[in-house]
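>>> what follows is a predicted structure for the sequence shown.
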Amino acid sequence: MHFRGVAFGLGLCLLASAALADPQTAAALRDRALNDNTAWDLLQSLTSEIGPRPTGSPAAARARDWAIARMTALGFTKVHAEPFAKTAWLRDAESAEIVAPVPQKLALFGLGHSVPTPAGGITAEVVVLKSLAELKAAPVGAFTGKIVLVNQPMTRTQDESGYAAAVAVRYGVSEAARRGAVAYLLRSVATGTGRSPHTGATLYADDAPKIAAAALGVPDADMLDYLAAKGPVRIHLSLQSHVEQTTAWNISGELAGRVPGPAIVIGGHIDSWDPGTGAIDDGAGVAITLAAAHLVGHPRHTLRVVLWGSEETGGAGAAYLEAHKGELGAIALASESDLGADRVYSLQLPPGAWSAPDIAPLEAVLAPLKIIASREPPRQAGADVGNIHEAGVPVFLLNQDASRYFDYHHTADDTLAIVDPVQLRQNVAAWAATLSILADSDFDFRKGGK
């Protein structure tokens with residue numbers, strides 16, 4: 001009896017150990033991912049067969065159907081679309097040109113949520129400012145009847161800090177309106193020198209008039225800066241757009257865990273801006289997370305991939321929180337991929353996680369991929385998991401190299417052609433190895449191991 005009891009107890013210990021994270025399994029998944037083309041095939045299909053996917057467009061509905069079909073084919077279960085109401089902003093005809101001193105067309109894109117100009121457009125003198133700070137320092141009424149252009153450059157950084165410092169200029173439209181401007185232009189929030197403009201969303205303050213807003217290509221902004229320094233420059237600007245009350249969808253699918261318990265939620269956003277085909281923003285995130293979860297299969301805890309349906313003009317993260325606010329305790333951890341397809345260079349985990357015995361080996365698993373095991377916990381989450389993070393769900397971050405991301409972000413050049421398949425596979429390898437360890441761990445990410 002005693003011997004049988006000892007053997008039975010030993011068997012339970014072995015089973016428990018086998019259920020926990022295994023670095024050898026994670027390493028094998030890492031190596032397999034480096035030779036797997038699932039993410040590339042998904043990304044090529046999404047960008048080529050569906051194309052640009054603005055929320056509210058017919059392509060957004062086709063993307064929903066594409067996602068459901070692809071997730072099902074990859075073996076996900078509980079695949080479904082979660083609808084939510086959305087006021088969609090959609091671009092119509094746009095044009096701009098210098099009318100004096102010398103006629104010349106300009107390259108620009110209207111900003112998301114921008115009101116349109118009058119049907120016949122606007123013709124006015126342009127005032128060029130060097131920074132958003134200069135705009136804010138100007139007195140009320142300083143630019144009455146003028147078109148304001150803020151020609152503020154962006155700093156190239158490996159992380160998002162350059163973008164975070166520069167993107168505020170995209171929201172300067174109300175500052176210009178308060179000072180009498182009839183339209184607002186900005187140098188694209190971009191690190192490249194290409195003429196292709198970078199679009200993106202803006203927002204209006206309740207206490208200011210709403211005026212049309214657009215981003216100029218970097219060379220055109222510099223040209224206007226040069227010309228305006230020599231004398232008055234007049235521009236004709238026509239920005240047309242419309243809004244529709246429509247439906248958007250978050251698409252979700254699961255790979256069931258081996259034991260009951262909370263799920264890990266990951267994903268990318270399936271909507272995109274309209275100029276390009278949304279390859280790096282964020283078809284890559286969709287493809288990376290789907291491919292990685294598919295490779296991992298069925299770990300100890302359930303993997304849930306969510307493809308958010310309205311990140312660019314907002315609403316998807318809030319809708320997901322609203323739909324799942326009663327079950328946030330069933331989400332152990334969350335993360336998203338939304339910074340392109342270039343290599344992952346560091347991993348940040350919730351407090352205490354790197355000290356867990358079954359998570360600590362992940363550092364060695366990721367080392368061949370040249371990924372730093374950062375001891376700094378995540379200070380923020382992405383746009384789509386941000387809402388559930390603020391509601392208490394812990395997050396982890398696989399940080400990608402953004403050095404060239406903002407050369408193409410929100411432009412017509414955001415296509416499959418700028419995706420490096422080798423770096424794309426490195427992303428999948430990083431995600432697969434990380435998910436393998438985290439989804440098999442018994443670490444309590446909410447309590448920090450306490």
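Happy to help now that I have it. Here the structure is a predicted model, which means the values were calculated and not measured. Residues are numbered from 1 along each chain as shown.
>>> and the lengthiest helix in the chain, what's buried?
Across the chain, the longest stretch assigned as helix under DSSP state H is helix 421-440. Buried residues in helix 421-440, counting neighbours by 16 or more other CB atoms under 10 Å, are found at 423-440. C-beta coordinates here come from the backbone N, C-alpha and C atoms, glycine included.
>>> and if you look at stretch 145-153?
146-153.
>>> from the chain's centroid, how far away is that stretch?
27 Å (CA atoms, centre = their mean, to the nearest Å).
>>> other residues contacting it?
For stretch 145-153, the surrounding residues in contact (CB atoms under 8 Å, 6 or more residues apart in numbering) are 122, 124-132, 134-135, 166, 169, 172, 176, 179-187, 216, 221-222, 224-225, 228, 235, 237.
>>> which parts of the stretch 101-250 of the chain are strands?
104-105, 108-110, 122-129, 147-150, 183-187, 212-216, 234-255 (DSSP state E, counting those that start in this stretch).
>>> with distance to R195 and mean pLDDT as extra columns, can I get these in TSV?
TSV is the format used below for the strands of the stretch 101-250 of the chain (distance: least, CB to CB, whole Å; pLDDT from 0 to 100):
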stretch	distance to R195	mean pLDDT
strand 104-105	11	98
strand 108-110	10	98
strand 122-129	18	98
strand 147-150	16	98
strand 183-187	12	98
strand 212-216	9	98
strand 234-255	17	98
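>>> adding distance to E390, write those strands out as CSV.
Compiled in CSV, the strands of the stretch 101-250 of the chain are given as follows (distance: least, CB to CB, whole Å):
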stretch, distance to E390
strand 104-105, 44
strand 108-110, 30
strand 122-129, 34
strand 147-150, 31
strand 183-187, 29
strand 212-216, 28
strand 234-255, 17
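>>> out of those, which is closest to D159?
strand 183-187 (21.4 Å; CB to CB).
>>> tell me which other helices or strands that closest one touches.
strand 122-129, strand 147-150, helix 173-178, strand 212-216, helix 218-230, strand 234-255 (3 or more CB pairs under 8 Å, 6 or more residues apart in numbering; DSSP states H and E).
>>> surely D274 and T55 touch.
No: between D274 and T55 there is no contact under CB atoms under 8 Å: 10.3 Å.
>>> tell me which of the two has more neighbours.
T55 (30 against 20; other CB atoms under 10 Å).
>>> show me the contacts for the more buried one.
86, 88, 246, 248, 271, 309-310, 312-313, 315.
>>> spatially, which two of these are the most separated?
Checking the contacts of T55 with CB to CB, the most distant pair is T246 and E312, at 14.2 Å.
>>> please say which of the two ends up with more neighbours.
E312 (24 against 16).
>>> go ahead and confirm the more buried one touches H269.
Yes: look at E312 against H269 with CB under 8 Å: they come within range, at 7.4 Å.
>>> per-residue confidence at the spatially most central residue of the chain?
By CA atoms, centre = their mean, the chain has its centre lying nearest to D338, at 3.3 Å. Note for D338: predicted pLDDT of 98.
>>> CSV for the helices and strands packed on strand 183-187, including distance to W40?
Supplementary listing: the helices and strands packed on strand 183-187 in CSV, determined by distance: least, CB to CB, whole Å:
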stretch, distance to W40
strand 122-129, 43
strand 147-150, 39
helix 173-178, 39
strand 212-216, 30
helix 218-230, 30
strand 234-255, 20
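>>> which one of the ones you listed lies nearest to K78?
Using CB to CB, the helices and strands packed on strand 183-187 put strand 234-255 closest to K78, at 4.7 Å.
>>> quick check: angle from the helix or strand following the closest one to strand 234-255?
Sequence-wise, the next helix or strand downstream of strand 234-255 (DSSP states H and E) is strand 263-269. Strand 263-269 and strand 234-255 meet at an angle of 150 degrees, taking axes from the mean of the first three to the mean of the last three CA atoms, to 10 degrees as the criterion.
>>> can you pull the contacts of A402?
157-160, 162-163, 339-340, 342.
>>> and the pLDDT for it?
Confidence score, pLDDT, at A402: 98.
>>> name the element it belongs to?
Short version, using DSSP H and E: A402 is in no helix or strand.
>>> quick check: mean pLDDT across the biggest strand by length in the chain?
Ordering each strand of the chain by length in residues (DSSP state E) puts strand 77-100 first. Here strand 77-100 scores 98 as its mean pLDDT.
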